[in-house]
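Peer 1: Structure, please.
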Amino acid sequence: MESRPLRYFVAVAEELNFTRAAERLGISPPPLSRAIRQLETELGAALFDRSTHSVALTPAGEVLLVEARFALAALDAAGRRARRAAAPEPRLALAVKADGDAGLLEAILARYASDPAAVPVAVRLCGWQEQPRLLRRGDADVALVHEPYDRTGLDTEDLAAEPRVAALAVRHPLAARAALRVADLGLRPQEVQHYIDEVRGRGQDLAQLLTMVGLGEVVPLLPASVADRYPRPGVVYRPVLDAPPAVLAVAWPQQSRSTATAALVRAAVSVAEEARERQAG
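Peer 2: Numbering: from 1, shown residues only. Okay, the predicted model is just below:
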């Protein structure tokens with residue numbers, strides 16, 4: 001199956017109107033209609049229920065839309081990765097949130113640089129939970145990402161599971177306690193992850209978020225390593241004993257056959273294992 005009919009199909013499926021889909025594609029409606037008919041003949045299934053007034057997806061069309069979007073995204077991503085690999089000086093793109101490496105990034109890069117398969121690394125700093133999208137688009141080859149995240153089309157290895165701490169303004173009533181529980185924050189266990197994501201997303205970066213903490217505007221739940229790496233006047237960190245851990249993983253596209261990508265994954269896993277052994281010892 002060629003990519004062009006799939007792109008035509010996706011346009012019609014999203015517009016549910018052949019005229020608008022044709023305008024979007026820059027072609028006229030008749031050849032678009034013929035292409036869809038040919039695709040249906042090839043598949044042996046109707047993809048649309050057509051009437052004089054409406055167009056709707058059939059069950060087969062609904063299934064194909066999901067698969068076609070994924071296939072076309074993978075094809076576009078493959079092109080981006082191929083162009084990057086063909087550059088005069090190929091680089092491996094590593095996506096990571098600026099404060100989202102559990103303190104492992106420098107050690108991972110140093111370990112990776114010693115591998116014979118290594119190529120120069122371009123670290124792409126990204127937004128909260130942006131890494132999976134960059135991997136699927138082909139804009140990154142590897143990523144360090146915290147749970148939860150969309151694993152569609154990705155392979156992953158967990159690297160670290162850190163306890164959570166609450167970041168509090170020094171004048172906050174809970175700051176006087178040595179340790180907290182999620183109930184102290186007015187949360188039930190099933191609400192914690194939503195709370196973490198909601199509050200964490202309020203700051204563009206950790207510096208902004210901690211400024212908001214110091215002003216008493218938010219109380220985020222953060223990985224424990226943040227407390228050591230980002231001390232701030234006016235902010236205290238307190239362990240939250242029953243909060244779910246902050247799980248950091250390394251992720252890469254399932255279809256990747258890059259030896260450079262595999263080398264970086266090996267480096268990340270090795271460095272994380274050594275860090276766990278040091279903590280246990």
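Peer 1: Next, the closest residue in space to V265 that isn't next to it in sequence: phi, psi?
Peer 2: Excluding its sequence neighbours, the residue lying closest to V265 (C-beta to C-beta, 6 or more residues apart in numbering) is V250, at 5.6 Å. C-beta here means a position set from N, CA and C on the backbone, and glycine is covered the same way. For V250, the backbone dihedrals (degrees, to the nearest 10) come out as phi -100, psi 130.
Peer 1: repeat for A166
Peer 2: According to degrees, to the nearest 10, A166 has phi -90, psi 130.
Peer 1: Can you tell me who it pairs with across the strands?
Peer 2: Judged by DSSP bridges, the bridge partners of A166 are L221, R238.
Peer 1: So it is in contact with V218, correct?
Peer 2: No: using C-beta atoms under 8 Å as the test, A166 is too far from V218 to be in contact (10.3 Å).
Peer 1: higher neighbour count, those two?
Peer 2: Neighbours per residue (other C-beta atoms under 10 Å) separate A166 from V218, with A166 holding more: 24 against 19.
Peer 1: Could you pull out the buried residues of the longest helix seen in the chain?
Peer 2: Determined from DSSP state H, the single longest helix within the chain is helix 59-85. Applying a neighbour-count criterion of 16 or more other C-beta atoms under 10 Å, one finds G61, L64, L65, A68, A73, A74, A77, R81, R84 buried in helix 59-85.
Peer 1: still on that earlier bit, what's the residue nearest to V265 in contact with, if anything?
Peer 2: Neighbouring residues of V250 by C-beta atoms under 8 Å, 6 or more residues apart in numbering: V142, A143, L144, T156, E157, L159, L264, V265, A268, V269.
Peer 1: any idea how far it is from L241?
Peer 2: Counting by C-beta to C-beta, to the nearest Å, the gap from V250 to L241 is 28 Å.
Peer 1: Check G44 too.
Peer 2: 58 Å.
Peer 1: Could you do L43 as well?
Peer 2: Applying C-beta to C-beta to L43 and L241 gives a distance of 55 Å.
Peer 1: Those two - which one has more neighbours?
Peer 2: L43 (15 against 12).
Peer 1: just checking, the more buried one touches E67?
Peer 2: No: counting by C-beta under 8 Å, E67 is not a contact partner of L43; they are 11.2 Å apart.
Peer 1: who does the lowest-mean-pLDDT helix or strand in the chain touch, helix- and strand-wise?
Peer 2: In the chain, no helix or strand scores lower on mean pLDDT, DSSP states H and E than helix 59-85, which sits at a mean of 85. When contacts are defined as 3 or more C-beta pairs under 8 Å, 6 or more residues apart in numbering; DSSP states H and E, helix 59-85 packs onto helix 3-15, helix 131-137.
Peer 1: Which one of those helices lies nearest to Q254?
Peer 2: helix 131-137 (9.8 Å; C-beta to C-beta).
Peer 1: chain center to the next helix or strand along the chain from that closest one, what's the gap?
Peer 2: Next helix or strand after helix 131-137 toward the C-terminus (DSSP states H and E): strand 142-146. Relative to the chain's own centre, strand 142-146 is displaced by 7 Å; criterion: C-alpha atoms, centre = their mean, to the nearest Å.
Peer 1: thinking again about what came up before, inside strands: which ones of the contacts of V250?
Peer 2: V142, A143, L144, T156, E157, L159 (DSSP state E).
Peer 1: From A246, how far out is the residue nearest to A167 when sequence neighbours are not counted?
Peer 2: With sequence-adjacent residues excluded and distances taken as C-beta to C-beta, 6+ apart, A167 is closest to V213, at 4.7 Å. Applying C-beta to C-beta, the value for V213 to A246 is 17 Å.
Peer 1: which residues does the residue most central in space within the chain contact?
Peer 2: For the chain, the residue sitting closest to the mean C-alpha position, by C-alpha atoms, centre = their mean, is P132 at 2.5 Å. Contact analysis of P132 by C-beta under 8 Å, 6+ apart lists A143, V145, Y149, D150, R151, T152, L154, A251.
Peer 1: Could you say which helix or strand holds the last one?
Peer 2: Just to be clear, that refers to A251. strand 246-253.
Peer 1: would you list every one of the helices in the stretch 151-281 of the chain?
Peer 2: 192-200, 206-214, 225-229, 259-280 (DSSP state H, counting those that start in this stretch).
Peer 1: average model confidence for the first one?
Peer 2: Per-residue pLDDT values across helix 192-200 average out to 88.
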